[in-house]
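Undergrad: After the sequence you'll find the predicted model.
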Amino acid sequence: MTTIAVTGTTGAVGGAVAHLLSEAGLEQRLVVRSPDRAPQIPGAHVVQASYGDTEASDAALAGVDVLFMVSGAESAERLDQHRAFVDAAARAGVQHVVYTSFLGASPTAVFTLARDHWYTEEHIRASGMAYTFLRDSFYLDFLPMLAGEDGVIRGPAGQGRLGAVAREDVARVAAVVLQDPASHAGQTYELTGREALSIPEAIEVIREVTGRDLAYVDETVPEAYESRRVYDAPDWEVHAWVSTYTAIAQGELATVTDTVERLTGRPPLTLRELLSQQAG
């Protein structure tokens, strides 16, 4: 019997994947940093490990055949932690890694955090394990959260477009891949929604569905850095925030693919559908 390990189950994507695998009747091992926060999944065994903890990772992954690796929390050390966990998987004899990467991952991506994903992919490729990369666009669920407390979305996105994808749809794709990983070995899947919206268009949808009175300020790049100084965040984080918008402006995230529907048989959610679904 194939042993599947799932990480990130205290989060939205990993948690949804674990539930979908359980519904499919598959046993799984939930690898979590805090066992007391692990979801209650029938047929799941909970083990404790964090990506940067080599000893715990070795123990958690022993006997695992297929690993669903959700990218770690954004930090200056994330790439090192990813590499350490991939190394632990290889030592443990994991045969296949399914990794949540990012759309357009490359060493020169405008969105700075997409570079971490590229180097993680490269490390997985070099490990000798089979792999499937799920290159997700930005999450559709986060669009309403871009607004500050004043209801304004600020950033240098211009009229660029974003083919954001719902976390629910990413989880559905991952569950399909994990149920038959050999059929997806060596594949890199670009996961997007079925529409590409500009920030003003997204705001209009949010207004219509939720009634929130949002506005958009199309900053220049210098203005974007200046407006974020108040958070006293480290440079890498500020660069990530600003490059979220510049990547949109430069068209790197305007991609729309049919991958979600092709793999799951159901079209991905639009922003309007997601917000309506959340509203009940």
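TA: Happy to help now that I have it. Numbers count the residues shown, from 1 in each chain.

Undergrad: how about the closest residue to Val47 other than its chain neighbours, secondary structure?
TA: For Val47, ignoring the flanking residues on the chain, the nearest one in space by Cβ to Cβ, 6 or more residues apart in numbering is Ala60 at 4.3 Å. Using the backbone N, CA and C atoms, a C-beta is placed for each residue, glycine as well. Going by DSSP: H, G, I helix; E, B strand; the rest coil, the secondary structure assigned to Ala60 is helix.

Undergrad: what's the burial count for Ala60?
TA: Other residues near Ala60 come to 25 when the count uses other Cβ atoms under 10 Å.

Undergrad: With Leu214 instead?
TA: 21.

Undergrad: Name the nearest residue to it, sequence neighbours excluded.
TA: Closest to Leu214 by Cβ to Cβ, 6+ apart is Ile203, at 4.7 Å.

Undergrad: what does Gln48 give?
TA: Pro35 (5.1 Å).

Undergrad: returning to what we had before: what's the separation between the residue nearest to Val47 and Leu30?
TA: In this view, Ala60 and Leu30 are 10 Å apart by Cβ to Cβ, to the nearest Å.

Undergrad: Check Ala24 too.
TA: The value you get for Ala24 to Leu30, if Cβ to Cβ is used, is 15 Å.

Undergrad: Could you check stretch 247-267 and say which residues are buried?
TA: 247-250, 252-257, 259-260, 263 (16 or more other Cβ atoms under 10 Å).

Undergrad: hang on, I meant stretch 113-123
TA: For stretch 113-123, a neighbour-count test (16+ other Cβ under 10 Å) marks 113-118, 120-121, 123 as buried.

Undergrad: what does stretch 203-216 give?
TA: Result for stretch 203-216 [16+ other Cβ under 10 Å]: buried residues 203, 205-206, 209, 214, 216.

Undergrad: Tell me which of these fall in helices.
TA: Using DSSP state H, the members of the buried residues of stretch 203-216 that fall within helices are 203, 205-206, 209.

Undergrad: Between all of those, which two are separated the most?
TA: Ile203 and Val209 (11.1 Å; Cβ to Cβ).

Undergrad: by contact count, what packs against the one helix or strand Leu21 maps to?
TA: Assigned by DSSP states H and E, Leu21 belongs to helix 12-23. The contact analysis (3 or more Cβ pairs under 8 Å, 6 or more residues apart in numbering; DSSP states H and E) places helix 12-23 against strand 4-7, strand 28-32, helix 167-179.

Undergrad: Okay, buried residues for it please.
TA: 12-22.

Undergrad: on that earlier part again, per-residue pLDDT, the residue nearest to Leu214?
TA: For Ile203, the pLDDT comes out at 97.
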